[in-house]
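Enquirer: below are the sequence and a predicted model for it; my questions follow.
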Amino acid sequence: MPYVDVVPDPIEGFNRCSWALNNWLFQGVIYPLSFGYNLIAPKPVRIRISNVGHNMTFPVRFFNSCFQGKWHGAWEETKRFGANSTVGLGGFFDPASTWKIGRTDEDFGLTLGHCGSGPWFYLVLPLLGPSNGRDAVGKAVDWPMDICSDLTLAYPNKLWSLIIRPSISINDLSGEARDYKRQIDSLVDPYQTFRRLYSLDRQRLILDYVPSYDRNDNPDPTVRAVLFKPVTPNFADGAVTRKVRVPATGKKLAYSCWMQRKPAPLICYIPGLGTYRLDRAALAYADMMYRHGYSVVAISNPFQKEFMECASTMDVPGYSPADCDDIVRVLKLILGDMRKWNGDRITETCLTGVSDGGYFTLMIAAREAAGQLGGLTFNRYVAVGPPAQLVRAEHRLDEMFDAPLAWPAAERNKRMQDAIYTALYFANNDLNISGNIPLTRIQSDFLVGLAFRYTLISVIEDTQRRHNLSVLKVNPDTFVREDSYREIRQIDYTDYTDRFLLPYLIKSGHVNNRQDLIVATTLDPSTQFLRKNPKIRVQICDDDFLLTPADISWFRSTFNGNLTEYTIGGHLGNLYIPAVQDALARLFSDNAAK
């Protein structure tokens, strides 16, 4: 199956140097200063300054709309500029949006793209960030059309004219600094991720791609998981980050916590496969529980960079008994730290997780029932959407990624691109959930599989740079990594298990063969410790692509009245629904175990 390639990167060495410079400036200068600036200039002030900056780039959008023959867009921009420059007092306010006047975001790079020019090559510009050869030329052409640039040319000896555009840019960066910091902290290779996203999104803009709602599509309900997001404004900024030293690795692992002001139950949260503790999905779950009156602690998933580098005792993750051992050690350290710090505000402790995190929640619950936790105990265990068999779940992730094989080969690449452009469109625009999501079932399956595939790519890249098992032909621990990524991205979850994990486990004496691995990573052997356990609550959806009919029967027979079962919702695709959230929160308190 073809991969959707991004822009060629023949000067990766130069680009990574530019990226390193930009990252150093952000981490060492902009991010620290943003805290002070944001205090001096609160969000309403920053928005006004940003509005002024956008208003002053009106000529760029107007002329490029004209160059592309988009006369309606040019007229809308003219009306917007007139309204905001007069009634909006030079752009400080945005009455045009209140009056529903349209806006565009055209530039000369997009104009060249509309004329048929390719991106040429990927380019990271010092101070300016991601670009490509075509867009760099576009920036040069757009510069004199920016009113800020005209002021610089008109008053070259005036300091204010020289710093006006940089000041507006710093204002915009300061407002986004914390979100951006969380993104780069969660990524194994931010350079590669931003290269991919920038290049694909620019191509979407050139195509003016807008999904069509006219079709009667029936996507997998799992895609609605993107609607699950924090409700509390700036919830992530309210997190307290603490660290515990893990003796097994000698490193400190960070965790995030949100404490209620009054004594309350403390929920320890394990997010899904590859999820960072401050990713949007993890924040959404923490926010949900916090709004329902619980204090929350969140760690990163064992398949995520932070946990792998600081807390994993295995060179490669994926063997759940060992990963579970690591989680238990971490939870003991965290709860000990929490009790020293705020023990008087903790009334009881609960453990919860979603997807892969839900699987570990059940494994830990079974270990407690078997007397194998060495004193660690929880008042309640709540597992949401856990897979019953990890190896089977990995196979399903491969099948989701391979869903486009059902399309004719001649159309496959185009349809895959359309699916990605649709996802990018909704990443930049609100998703209309009142009707159908404009994705076919195959497209939705592919997008779900693609998201998990990039999680696997990050795991392989990170682990093999630190503990090279000599499986890859290309050395991943190099400055220029394009050849390494080209090899890694052809590896699916089944390959990872067979080529990386299984040989490592056999060599280290954990298992003797693949069947041993399958049995060790299945919940079924723990049935006797899970069945009708009064501390456990489980929530599943019957149409979850990770579950087989046999799995659903096992959940029903094992948890009986402690199982909450939804007919539809896919894999975590119903968590955005308020009624589902309320019902989930009640699982932590209804008929609480004594």
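Expert: Now that the structure is in, tell me what you want to look at.

Enquirer: what is the neighbour count of L153?
Expert: 9 (other Cβ atoms under 10 Å). All C-beta atoms are positioned from the backbone trio N, CA, C, and that covers glycine.

Enquirer: again with the one 10 residues further on
Expert: I163 is surrounded by 13 other residues when neighbours are defined as other Cβ under 10 Å.

Enquirer: is it within a helix or a strand, and which one?
Expert: helix 159-186 (DSSP states H and E).

Enquirer: for that helix, which positions count as buried?
Expert: By 16 or more other Cβ atoms under 10 Å, the buried positions in helix 159-186 come out as 161, 164-165, 168-175, 177-178, 180-184, 186.

Enquirer: show me what it is packed up against.
Expert: helix 31-40, helix 43-55, helix 147-154, helix 305-310 (3 or more Cβ pairs under 8 Å, 6 or more residues apart in numbering; DSSP states H and E).

Enquirer: may I have the secondary structure class of the closest residue to E12 other than its chain neighbours?
Expert: Counting by Cβ to Cβ, 6 or more residues apart in numbering, V480 is the residue found nearest to E12 once chain neighbours are left out, at 4.8 Å. Of the three states, V480 takes coil under DSSP: H, G, I helix; E, B strand; the rest coil.

Enquirer: can you check what pLDDT the model gives V480?
Expert: We have a pLDDT of 91 for V480.

Enquirer: the one 4 residues further on too?
Expert: If you check S484, the pLDDT there is 92.

Enquirer: that one contacts N468, doesn't it?
Expert: No - in this structure, S484 is not within contact of N468 by Cβ atoms under 8 Å, at 11.0 Å.

Enquirer: state the helix or strand in which the residue lying closest to T548 once chain neighbours are set aside lies.
Expert: Residue nearest to T548 in three dimensions, not counting chain neighbours: R392, with 7.1 Å by Cβ to Cβ, 6+ apart. Using DSSP H and E, R392 falls within helix 390-401.

Enquirer: with A282 instead?
Expert: If you go by DSSP H and E, A282 is part of helix 280-291.

Enquirer: list the buried residues of the helix or strand following that helix.
Expert: Downstream of helix 280-291, the first helix or strand assigned by DSSP H and E is strand 295-298. Neighbour-count burial for strand 295-298, with 16+ other Cβ under 10 Å as criterion, is recorded at 295-298.

Enquirer: do stretch 378-389 as well
Expert: Buried residues in stretch 378-389, counted by 16+ other Cβ under 10 Å: 378-389.

Enquirer: pLDDT (mean, whole number) over it?
Expert: Across stretch 378-389, pLDDT averages out at 96.

Enquirer: any figure for the gap between the residue nearest to T548 and D220?
Expert: Using Cβ to Cβ, to the nearest Å, we find R392 at a distance of 17 Å from D220.

Enquirer: tell me which of those two has more neighbours.
Expert: Higher neighbour count among R392 and D220: D220, with 26 against 17, using other Cβ under 10 Å.

Enquirer: assess the claim that that one and F446 are in contact.
Expert: No - with contact defined as Cβ under 8 Å, D220 does not reach F446; the gap is 10.0 Å.

Enquirer: what about Q443, how many residues nearby?
Expert: Neighbourhood size, Q443 [other Cβ under 10 Å]: 25.

Enquirer: A helix includes it, no?
Expert: Yes - under three-state DSSP, Q443 sits within a helix.

Enquirer: got the contact list for stretch 479-487?
Expert: With contact meaning Cβ atoms under 8 Å, 6 or more residues apart in numbering, stretch 479-487 is reached by 9, 12-13, 16, 189, 192, 457, 461, 472-476, 478.

Enquirer: same deal with stretch 99-112?
Expert: So stretch 99-112 is contacted by 60-61, 64-65, 67-68, 70, 72-73, 76-77, 79-80, 83, 96-97, 131-132, 134-139, 141-142, 202, 205-206 (Cβ under 8 Å, 6+ apart).

Enquirer: closest to the centroid, which residue in this structure?
Expert: With distances taken as Cα atoms, centre = their mean, D279 lies nearest the centre of the chain, 5.3 Å away.

Enquirer: please name the residues that touch the closest residue to that one other than its chain neighbours.
Expert: Distances taken as Cβ to Cβ, 6+ apart place S186 nearest to D279, at 6.1 Å, with adjacent residues excluded. Residues near S186 by Cβ under 8 Å, 6+ apart: 276, 278-279, 304-306.

Enquirer: neighbour-wise, which one of those leads?
Expert: Q304 (26 neighbours).

Enquirer: list the contacts for it?
Expert: Counting by Cβ under 8 Å, 6+ apart, Q304 touches 186, 274-276.

Enquirer: now C324
Expert: Per Cβ under 8 Å, 6+ apart, neighbours of C324: 360, 363-364, 367.

Enquirer: in the protein, where is pLDDT below threshold?
Expert: Confidence mapping of the chain against pLDDT under 70 gives the ranges 1-3, 214-215, 431-435, 590-594.

Enquirer: alpha carbons only: can I get stretch 347-355 in CSV?
Expert: Once non-C-alpha atoms are left out, stretch 347-355 reads as follows in CSV (Å, rounded to 0.1, in the frame of the first residue of the first chain):
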residue,chain,number,x,y,z
THR,A,347,-10.0,10.7,51.2
GLU,A,348,-9.5,7.5,49.1
THR,A,349,-7.7,6.4,46.0
CYS,A,350,-9.0,5.0,42.7
LEU,A,351,-7.3,3.7,39.6
THR,A,352,-8.7,4.3,36.1
GLY,A,353,-7.6,4.0,32.5
VAL,A,354,-8.9,4.1,28.9
SER,A,355,-8.0,1.6,26.1
